[in-house]
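Peer 1: What follows is a predicted structure for the sequence shown.
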Amino acid sequence: MDITIRRAAPDEYAALGEITAQAYLGDGLLDFGESDAYLGELRDVAKRAAAADVLVAVADDRVLGGVTFVPAGGPMADIARTGEAEIRMLAVAPSARGRGVGEALVRACLERARTVEGCARVVLSTQRSMHAAHRVYERLGFTRTPERDWNPFPDLLDLTLITYELTL
């Protein structure tokens with residue numbers, strides 16, 4: 001399969017939003033199913049694209065997955081500090097999993113980070129149950145940073161996100 005990674009086009013936003021939402025739902029990563037408020041964020045690719053770089057993986061004119069690359073802080077950053085870029089909302093369609101799509105998307109983010117002035121590392125948050133993603137991150141050289149683990153909803157849920165970083 002010949003995969004192309006590039007910036008998402010507006011006519012791909014709906015497809016990528018649905019892939020992202022369904023990846024999180026299908027993997028049991030949202031506690032409230034379709035009523036989970038975070039689903040709206042996952043589906044709102046236009047909002048992400050206005051504040052960060054949204055990349056898609058495409059093969060045969062079909063969107064296979066995507067990722068949000070936050071080059072240097074801004075409204076889309078969750079944990080990035082000065083000198084860090086952040087990877088968010090990595091998702092691959094179930095039919096494309098196991099074909100290197102996720103790894104290609106992460107590699108594209110790393111390539112972009114290397115072109116960002118003053119960027120020394122790439123960081124990300126992930127759920128403990130995302131084992132396939134953890135394997136990709138570790139294979140690419142990311143290391144765990146348990147001191148940065150955090151809960152985005154401390155008053156609502158016991159949802160500690162684990163963190164990784166890669167020094168460029």
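Peer 2: Arrived safely, thanks for sending.
Peer 1: the helices in the protein, which residues?
Peer 2: Counting by DSSP state H, residue ranges of the helices within the chain are 13-26, 38-43, 45-51, 101-114, 131-139.
Peer 1: least trustworthy helix or strand in this protein by mean pLDDT?
Peer 2: helix 38-43 (a mean of 85; mean pLDDT, DSSP states H and E).
Peer 1: Same question for it: list its buried residues.
Peer 2: The neighbour-count criterion (16 or more other C-beta atoms under 10 Å) identifies 39, 42-43 as the buried residues of helix 38-43. C-beta here means a position set from N, CA and C on the backbone, and glycine is covered the same way.
Peer 1: can you list the residues that contact that helix?
Peer 2: If you take C-beta atoms under 8 Å, 6 or more residues apart in numbering as the criterion, helix 38-43 is touched by 17-18, 20-21, 24-25, 30, 47, 89, 91.
Peer 1: where in the protein is pLDDT low?
Peer 2: Residues of the chain that meet the criterion pLDDT under 70 lie in 27-37, 156-157.
Peer 1: ok, now which ones touch the residue nearest to residue 139 when sequence neighbours are not counted?
Peer 2: Taking C-beta to C-beta, 6 or more residues apart in numbering, and ignoring the residues beside it in sequence, residue 139 has residue 103 as its nearest neighbour in space, at 7.4 Å. Listed by C-beta under 8 Å, 6+ apart, the contact partners of residue 103 are 136, 139-140.
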